[in-house]
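**Student:** predicted structure and sequence below. I'll ask about it afterward.
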Amino acid sequence: MFALLAISLVSRFPPGATAEDRAGVEGVLKSAFAGLQGELSGTYYELGSLTPEQTSFLLERGFLFQIPSARNLLTGAGAARSWPNNRGIFHNETQTALAWVNEEDHCRIISMELGGDIPSVFKRFCDLSHAIKASAEAVGSTLMWNETLGFLGTCPSNLGTGLRASVMIKLESFNALMENPPADFPKAKELLEDVCSMFDLQPRGSAGEHSAAVGAKFDVSNKQRLGLSEVQLVQKMIDGVTKVIGFEEQLAAGTITPQQLYELIEEEKKKKASA
């Protein structure tokens, strides 16, 4: 289970931020991280001061964000100016809570855990979010929030809660259909995408968007950010993923064919359109 929140402090967004803006954001967040206690206490690494050992440690765990290149969207948007100054990574001692500073957003909060204890991941996520909010407000700053649009961040797709809740699951039957769809039913290649859309979910590859599903492992998360609460979105993800796993098991057992599943999806689309 994995939960991510994109948030911004009251300052210019990274694409338009000055060096002073970034330093101010980092200062507020470093103070917040230093004040974390108990399960959340941990270490902050300044990106420009990493030792080779620290770089290797963060890379091995997937904690180090991608370095922008000339073709990278962050570079094109202007968000990579003065790289790597005033950027950094925080993680707690058990490596189940993480925060990225001044990458695409002022701060990206991440909570994660092996296994299926989603309430545990969500509680930690909420605890870290509330702690950062309280720390920012204690020094006269605040998070960007709008009554209509919710939390504000660099990417418009994150308006609302800014929350992406996901699970990594192995979907061997769906993956096989994606890689080798039947010659008499080529639409089977899109079945996983269609099934997930039916529950307002998005499937991604093992390493995120536009990546392959190594070992048939998919990252499945909520599509929506706006219009529902964080609790509602997490519950909707749980319910939808449960349905997706059910279809995977039926495909594996042969109790439903790809054609039958496609017809079921089309029927659901018609019901939604007429509702």
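**Tutor:** Arrived safely. Because the structure is predicted, anything quoted here is derived from the model rather than measured.

**Student:** which helix is the longest one in this structure?
**Tutor:** As far as residue count goes, and with DSSP state H defining each element, the longest helix of the chain is helix 230-253.

**Student:** look up phi and psi at the residue nearest to residue 194 when sequence neighbours are not counted.
**Tutor:** When the adjacent residues along the chain are set aside, residue 194 lies closest to residue 265, with 4.9 Å between them (C-beta to C-beta, 6 or more residues apart in numbering). C-beta coordinates here come from the backbone N, C-alpha and C atoms, glycine included. In terms of degrees, to the nearest 10, the main-chain angles of residue 265 are phi -60, psi -40.

**Student:** residues contacting residue 67?
**Tutor:** In this structure, residue 67 makes contact with 83-84, judged by C-beta atoms under 8 Å, 6 or more residues apart in numbering.

**Student:** from residue 67, how far out is residue 86?
**Tutor:** For residue 86, the distance to residue 67 (C-beta to C-beta, to the nearest Å) stands at 15 Å.

**Student:** then residue 242?
**Tutor:** Here residue 242 is placed at a distance of 38 Å from residue 67 (C-beta to C-beta).

**Student:** then residue 85?
**Tutor:** Using C-beta to C-beta, one gets 13 Å for the distance from residue 85 to residue 67.

**Student:** how about residue 31?
**Tutor:** Residue 31 is 26 Å from residue 67, where distance means C-beta to C-beta.

**Student:** assign residue 219 to helix, strand or coil.
**Tutor:** For residue 219, the assignment made with DSSP: H, G, I helix; E, B strand; the rest coil gives strand.

**Student:** run through the bridge partners of it.
**Tutor:** Judged by DSSP bridges, the bridge partners of residue 219 are residue 168, residue 204.

**Student:** pretty sure it sits against residue 212.
**Tutor:** No - because the distance of 11.6 Å does not satisfy C-beta atoms under 8 Å, residue 219 is recorded as not touching residue 212.

**Student:** what sits in contact with each of these two?
**Tutor:** Common contact partners of residue 219 and residue 212 (C-beta under 8 Å, 6+ apart): 205-206.

**Student:** okay then, goodbye and thanks.
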